[in-house]
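> Model the structure of this input:
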Amino acid sequence: MQFRVTIAYLELLRKAIAGNDLKFIAEQLKELHPADIAEIFNDLTIDEAKYLYKQLDDDEAGKVLVEMEDDKREKLLASLTSKQIAEHIDTMASDDAADVIADLPDKVQGEVLSHLEDIEQASDIVDLLNYDENSAGGLMATELVRVHVNDSVRLCVRELRKQAEEVKNIYTIYVVDDNDKLLGLLSLKNLLTTSLNAKVSEVFNPDIIFVKTNTPAEDVAKIMQKYDLVVLPVVDSIGKLVGRITIDDVVDVIREEETEDVQKMGGVSALEEPYMNISFLQMIKKRAGWLIVLFIGESFTATAMSFFEDQIAKAVVLALFVPLIISSGGNTGSQASSLIIRALALGEITITEWWNIIRKEISVGFTLGFILGLIGFLRVAIWSTFVNIYGPHWMLVGITVGISLVGVVLWGNLAGSLLPILLKRMGLDPAVSSAPFVATLVDVTGLVIYFTVAAIILRGILL
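Sure, this is the predicted structure:
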């Protein structure tokens, strides 16, 4: 059954903490997964979290540290000595340990590493800290099971048993040569069904998918999604096996990338921390920039309307449909932009397919525009049978609205679909062609289309 942190549960814990009821606290914590304990810590004050943290053994404490929110973990670590932190890190996988140490001040990092009992682990952590955190090297763990290609299966089993305690979740065994270059893999199934006297070279699979240490984390996630992998080996520039990436690490990458894209599509600079951890000034800084850009962009709407001041003065009825026209184009552009950005992120389309995308979106945009244009015309026609708001030339007004909607929706659809591709081609993040940005662009150009169509169709009235 999935555990949920409730207000009532937190109150019970707070009373136990205040009353120093260690027996109740121990009973509660021993039944919970480290991720659940971390969730509780995130909802408590830092002093309450420190109290509970002291009740955990080193192994459990290390697991909880990994699961905690960054800001809460940073405050908790600040209350511990370098030696205490090292004791918790000794029980962690190298990738998790590197993530925790990376949040510490440089001086404290060195002190913690000097207190680690396992010198080899300390060396591995130092190596991992040197990689870009958004690369395969920054994601990988160095713990894995490797065997030599000329070993026997019997020796392979012995090696597996020897390393089982150090390696979390053994999915596969990697086969290397004398220089530790990755040659292939041996699945647990093959290991169990093969004679112990057989050579690894006779049963291993040389067809293996791997990534290099400098492969971007986003590309790693795409590869694992595409090939349904739960683990992916990592090699250095000369093909030497240096680590592996497991699916739990990739899930975090996917979540972060999707969160960043959604924020950018909403016209907000990506937030590096959870919403509640962002300060007032940071929030203003993240949002104000885009709002100013969009505000300046929207100001051109007034400029565009000023060019058609005479037409509006002679046919005031045209102004009634301005919100309808620009919102239809903006909504259509936002839809198209969202679909293309998501398709690019999932690898469903590439920028080389731009012409096929244009052809498709022209057809879609024209059809959507025709549907909305027909509704717009019918709206004018139906209203005109009851009221005289559109005057004696209501038919021409309806035609103007209908044709303008076709043009604006078609243009909005093309702009929304092509902007992400153009930005991708320029090496920029397609997510910055956000819905508000596309809507602002289409608002200004949509007015030009609308009043140009009106000037042509209502020419006799406006003269």
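> can you give me the strands in the chain?
For the chain, the strands defined by DSSP state E cover 146-148, 172-176, 182-187, 211-212, 231-235, 241-246.
> Flag the shaky bits of this protein, pLDDT-wise.
Applying pLDDT under 70 to the chain flags the ranges 1-2, 164-165, 256-280, 282-316, 390-391, 431-436, 460-463.
> Can you give the domain ranges for it?
Domain assignment for the chain by automatic domain parsing gives 7-134, 146-255, 275-462.
> got the end-to-end distance for the second one?
Between the opening and closing residues of domain 146-255 there is a gap of 31 Å (C-alpha to C-alpha, to the nearest Å).
> Same check on the first one?
Taking C-alpha to C-alpha, the span from the opening residue of domain 7-134 to its closing residue is 36 Å.
> got the contact list for the closest residue to residue 75 other than its chain neighbours?
Closest residue in space to residue 75, ignoring its immediate chain neighbours: residue 46 at 4.9 Å, by C-beta to C-beta, 6 or more residues apart in numbering. Bear in mind the C-beta positions are built from the backbone N, C-alpha and C, glycine included. Contact analysis of residue 46 by C-beta atoms under 8 Å, 6 or more residues apart in numbering lists 72, 75-76, 79.
> And for residue 145?
Contacts for residue 145 were tallied using C-beta under 8 Å, 6+ apart; they are 159-160, 163, 167, 170, 172-174.
> Mind giving me the ChimeraX select for those residues, buried ones only?
Entered in ChimeraX, the line below selects the buried ones among the contacts of residue 145, by 16 or more other C-beta atoms under 10 Å:
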select :159,160,163,167,172,173,174
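> any chance of the contacts of residue 145 in a markdown table, with distance to residue 191 too?
A markdown table is the format used below for the contacts of residue 145 (distance: C-beta to C-beta, whole Å):
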| residue | distance to residue 191 |
| --- | --- |
| 159 | 11 |
| 160 | 7 |
| 163 | 13 |
| 167 | 14 |
| 170 | 10 |
| 172 | 9 |
| 173 | 7 |
| 174 | 12 |
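> now, among the contacts of residue 145, which is nearest to residue 59?
Comparing the contacts of residue 145 against residue 59 with C-beta to C-beta places residue 167 closest, at 15.6 Å.
> Break down the stretch 151-300 of the chain into its helices, ranges please.
Taking DSSP state H, counting those that start in this stretch as the criterion, the stretch 151-300 of the chain contains helices spanning 153-163, 188-193, 200-203, 217-226, 247-265, 280-306.
> if we can go back for a sec, now the strands of the chain in JSON lines, with distance to residue 351?
Below are the strands of the chain laid out as JSON lines (distance: least, C-beta to C-beta, whole Å):
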{"stretch": "strand 146-148", "distance to residue 351": "39"}
{"stretch": "strand 172-176", "distance to residue 351": "35"}
{"stretch": "strand 182-187", "distance to residue 351": "32"}
{"stretch": "strand 211-212", "distance to residue 351": "22"}
{"stretch": "strand 231-235", "distance to residue 351": "26"}
{"stretch": "strand 241-246", "distance to residue 351": "27"}
